[in-house]
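Q: The sequence isn't on hand, but the structure is:
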Ligand SMILES: Nc1ncnc2c1ncn2[C@@H]1O[C@H](COP(=O)(O)OP(=O)(O)OP(=O)(O)O)[C@@H](O)[C@H]1O
């Protein structure tokens, strides 16, 4: 079966600074791949190269076999297949929850208001926020806002989801609700790539754990094995600080 995401020899420079130094990895259909590593190791840049929010300097990114680094590729089409959830939610503050979920559907999917609202309500139910359709983001907790952001991404019917530290901005007591939603999505077979500091989630839900340091993948493997028996000294050092 064609891999959902395949990255080959990916390099990314910001000016003189080489942030990704030849990354190779694969996310199979339905897999959950968690990416961990110290601050500045290039995790977010890698994720952002996967849907070309960042332009790779060289290398190839294949999404379901299609080379999206090809200059001819329709980026809007590519991005509509890849849901993205950011640390900072990125909801429109002047719109209600329902409006936040409908706007991109109407623009990019050309759905009517009624269709978009139906899809939005179904996804809000999925994240446990059916009662918040008319609320504004400012009246929601961070955890609720992040669940709205997930429901918004799902409303575009993505083939896969990228999460960039989705719980890092949340108070500790709100983290669990967001992880529960992500766990359920994984259980339904959603392909997911998750940059995270939540080692418990990575261990329990991840099919593969990737440890990055200094712009390279230092180690990857089954999460439980990497977390309990890291092979590389840099992984050992990192885990000794965070576990
Ligand atoms: N737009 C940019 N312009 C210049 N440098 C950047 C840009 N984005 C990231 N960098 C640099 O690239 C390096 C890797 O950043 P990146 O955010 O990918 O790391 P990270 O592993 O996700 O870190 P964190 O866990 O702190 O988010 C850092 O040195 C960062 O300063």
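A: Looks like it came in fine. Source: prediction; values computed, not measured.
Q: what's the offset of the least confident helix or strand in the chain by mean pLDDT from the middle of its chain?
A: Ranked by mean pLDDT, DSSP states H and E, the helix or strand of the chain with the weakest confidence is helix 75-81, at a mean of 88. Per CA atoms, centre = their mean, to the nearest Å, the displacement of helix 75-81 from the mean C-alpha position of its chain is 15 Å.
Q: How about the residues of the chain by the ligand?
A: Taking CB under 6 Å from any ligand atom as the test, the list of the chain residues beside the ligand reads 14, 19, 37, 39-45. C-beta coordinates here come from the backbone N, C-alpha and C atoms, glycine included.
Q: out of the residues you listed, what pair is the most spread apart?
A: 14 and 37 (17.3 Å; CB to CB).
Q: Could you give me the buried positions within the longest helix seen in the chain?
A: Identified as the longest helix of the chain according to DSSP state H is helix 172-187. Applying a neighbour-count criterion of 16 or more other CB atoms under 10 Å, the buried positions in helix 172-187 are 174-175, 177-179, 181-182, 185-186.
Q: Now the element after whichever strand or helix holds residue 24, going C-ward?
A: Assigned by DSSP states H and E, residue 24 falls within strand 17-27. If you walk from strand 17-27 toward the C-terminus, the next helix or strand you reach (DSSP H and E) is strand 32-36.
Q: Please name every helix or strand in contact with the longest helix of the chain.
A: Applying 3 or more CB pairs under 8 Å, 6 or more residues apart in numbering; DSSP states H and E, one finds that helix 172-187 makes contact with helix 142-154, strand 191-195, helix 199-205.
Q: what's next to that helix, contact-wise?
A: Contact partners of helix 172-187, identified using CB atoms under 8 Å, 6 or more residues apart in numbering, comprise 32, 126-128, 141-144, 146-147, 150, 154, 161, 163, 166-167, 170, 192, 194, 198, 201, 204-205.
Q: Check stretch 38-50 too.
A: 5, 7, 10, 12, 19-20, 23, 35-37, 54-56, 61, 63, 82, 162, 164-165, 193, 195, 212-215, 238.
Q: got it, and stretch 7-21?
A: Contacts of stretch 7-21 with the rest of the structure, by CB under 8 Å, 6+ apart, involve 22-26, 42, 45-46, 49-50, 54, 56-62, 214-216.
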